[in-house]
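K.L.:
Here is a sequence together with a model predicted from it:
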Amino acid sequence: MLRVEDVSFAYPGGGAVLADIRFQAAAGEILAIVGRNGAGKSTLLRLLNGLRQPGSGSIAVAGRSTADTPVHELARHIGTVFQAPEQQIFNATVRDEVAFGPRRLGLAGAALEERIAAALARTGLAEVAGRHPLDLDQAARRMVALGSVLAMHPAVLLLDEPQRGLDAGAAARLEAIIAEEAAAGRCVVLVCHDMDFVARSAGRVLALAEGRVVADAATSAFFADAGLTRRAGVESPDPLLLARHFGLAPALTGPAFARRWIEAAGEPSAAGEARRRAH
Ligand SMILES: Nc1ncnc2c1ncn2[C@@H]1O[C@H](COP(=O)(O)OP(=O)(O)OP(=O)(O)O)[C@@H](O)[C@H]1O
C-alpha cells in the first residue's frame, strides 16, 4: 500500500532532514513513526501525502507515484489528519466539513448521506453536526478533521499526533477507529510521542533519529530492546516499565500487565516477590 525507496529530503536552503528512508506498509497494518523532536517524522508524512517531493528516491501510495500524481488526486487514496486540525478545517459546519471530501469524490444522495452519518457517529460528532468546527474545543476539532478524512475511505490514513489533547474517552474512541480502519484493510500510519498509545495501537514501529531509520520492528520487539528505544530517543510504555520493576514477563498494555500480575499470583514465589516489592 505504501512503498518508500531510498528517500532523502532537505528543505530549500537547509541541510538533510531525511536520508535513505526505505520501508513498506501493507493494507491492514498500523505503523507508528516515532523519534525525538525534529527527527523528521512530520516531514516524512508530508512526503507520503505528496505535499513535498523527495530530493531523491521514490514513494508510491496504492501503486501511484507521488512524483507523478497531483496532490488532489493522491488525496483520494491517502488522507491526512494534521497536528493542528485548524490547518484543514474551512467549512462553516461540522457536517459540511465531513461532507466536503466525499462530495469531491462525486458521491451524492443516499450514498453521501450514509458516509456523512457514519463518520459523524464514529467520531462522536452527530450532536454537534450543525456547529461551527472552530467553536468546538481542540479535541473535538481533531475529531472533525478525522471524520472528514474517514468519510473519504482512503486506502492509507496518516495521523500526526492524533491522540494529543484527547481525554481518556476520546482517546479510546480514536483507538477503536484506528483498529476498525486496519480491520477494514486500510493502512494506518501514525506519528506519535505517546508510547503508551503506540503500544496499545500499533503493530509495528518505524523509529527515526536525525532523519534516518534506526528501527523497523514489531511493536513488542521494539519496546523489548532497550538499545532500540534508546537510539530512537523514546520512553518505554508505563506497563512495560512496571512489569520490569516487578520482575514480571513483558507487558505493553494495562490489561496485559494485569494478566501478568494475576499469572504471577498463581506462582507463589513470583507473586510473593512482586507483592513484597509493591509494599
Ligand atoms: N518548513 C520547514 N522549513 C525548514 N525546515 C523545517 C521545516 N519544517 C521542519 N523543518 C526542520 O526539519 C527537521 C525535521 O522536522 P519535523 O517537523 O519533520 O520533525 P518531527 O520529528 O516531526 O518533530 P516533532 O516531533 O517536534 O513534530 C527539523 O530540524 C525542523 O526544524
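P.N.:
Thanks, I have the structure now. Numbering: from 1, shown residues only.

K.L.:
Spell out which parts of the protein neighbour the ligand.
P.N.:
11, 14, 17, 35, 37-43 (C-beta under 6 Å from any ligand atom). To be clear about C-beta, it is placed using only N, CA and C from the backbone, and glycine gets the same treatment.

K.L.:
try 5 Å this time
P.N.:
11, 17, 37-43 (C-beta under 5 Å from any ligand atom).

K.L.:
Show me where the stretch 101-250 of the chain has its strands.
P.N.:
For the stretch 101-250 of the chain, strands defined by DSSP state E, counting those that start in this stretch occupy the ranges 156-160, 187-191, 204-209, 212-218.

K.L.:
which helices and strands does the second one pack with?
P.N.:
Helices and strands in packing contact with strand 187-191 are listed as strand 30-34, helix 41-48, strand 156-160, helix 168-183; criterion 3 or more C-beta pairs under 8 Å, 6 or more residues apart in numbering; DSSP states H and E.

K.L.:
Under the pLDDT cut-off, which ranges of the stretch 51-200 of the chain? List them.
P.N.:
For the stretch 51-200 of the chain, no stretch is flagged by pLDDT under 70.

K.L.:
What are the boundaries of the helices in it?
P.N.:
Assigned helices in the stretch 51-200 of the chain, in chain order: 71-74, 94-104, 109-123, 138-150, 168-183, 195-201 (criterion: DSSP state H, counting those that start in this stretch).

K.L.:
Spit out the contact partners of Ala25.
P.N.:
1-2, 31, 156, 187, 189, 204 (C-beta atoms under 8 Å, 6 or more residues apart in numbering).

K.L.:
mind running it again at 10 Å?
P.N.:
Ala25 makes contacts with 1-4, 31, 48, 156, 187-189, 204, 206, as judged by C-beta atoms under 10 Å, 6 or more residues apart in numbering.

K.L.:
give me phi/psi at Gly28?
P.N.:
Note on Gly28: its backbone torsions stand at phi 90, psi 0 [degrees, to the nearest 10].

K.L.:
partner residues bridging the spatially most central residue of the chain?
P.N.:
Closest to where the C-alpha atoms of the chain average out (C-alpha atoms, centre = their mean) is Leu190, at 1.9 Å. Going by DSSP bridges, Leu190 is paired in beta bridges with Ala32, Leu159.

K.L.:
I'd say it and Leu158 touch.
P.N.:
Yes. Using C-beta atoms under 10 Å, Leu190 is in contact with Leu158, at 7.7 Å.

K.L.:
Overlap of the contact sets of those two?
P.N.:
Shared contacts of Leu190 and Leu158 (C-beta under 10 Å, 6+ apart): 33, 45, 81.

K.L.:
how close does the nearest residue to Leu150 once chain neighbours are set aside sit to the ligand?
P.N.:
In space, and not counting its chain neighbours, Leu150 is closest to Ala119: 4.8 Å by C-beta to C-beta, 6 or more residues apart in numbering. Distance of Ala119 to the ligand, computed by C-beta to the nearest ligand atom, to the nearest Å: 26 Å.

K.L.:
what sits against Ala119?
P.N.:
94-95, 97-99, 101-102, 125-126, 143-144, 146-153, 177.

K.L.:
go again using 8 Å as the cut-off
P.N.:
If a contact means C-beta under 8 Å, 6+ apart, then Ala119 has 98, 125, 147-148, 150-151 as its contacts.

K.L.:
Please indicate which of the residues of the chain next to the ligand are buried?
P.N.:
The neighbour-count test (16 or more other C-beta atoms under 10 Å) marks 17, 39-43 as buried among these.

K.L.:
Just put those residues in JSON lines and tack on distance to Ala218 and pLDDT.
P.N.:
Shown next, in JSON lines, are those (distance: C-beta to C-beta, whole Å; pLDDT from 0 to 100):
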{"residue": "Val17", "distance to Ala218": "27", "pLDDT": "97"}
{"residue": "Ala39", "distance to Ala218": "20", "pLDDT": "97"}
{"residue": "Gly40", "distance to Ala218": "22", "pLDDT": "97"}
{"residue": "Lys41", "distance to Ala218": "19", "pLDDT": "97"}
{"residue": "Ser42", "distance to Ala218": "24", "pLDDT": "95"}
{"residue": "Thr43", "distance to Ala218": "25", "pLDDT": "97"}
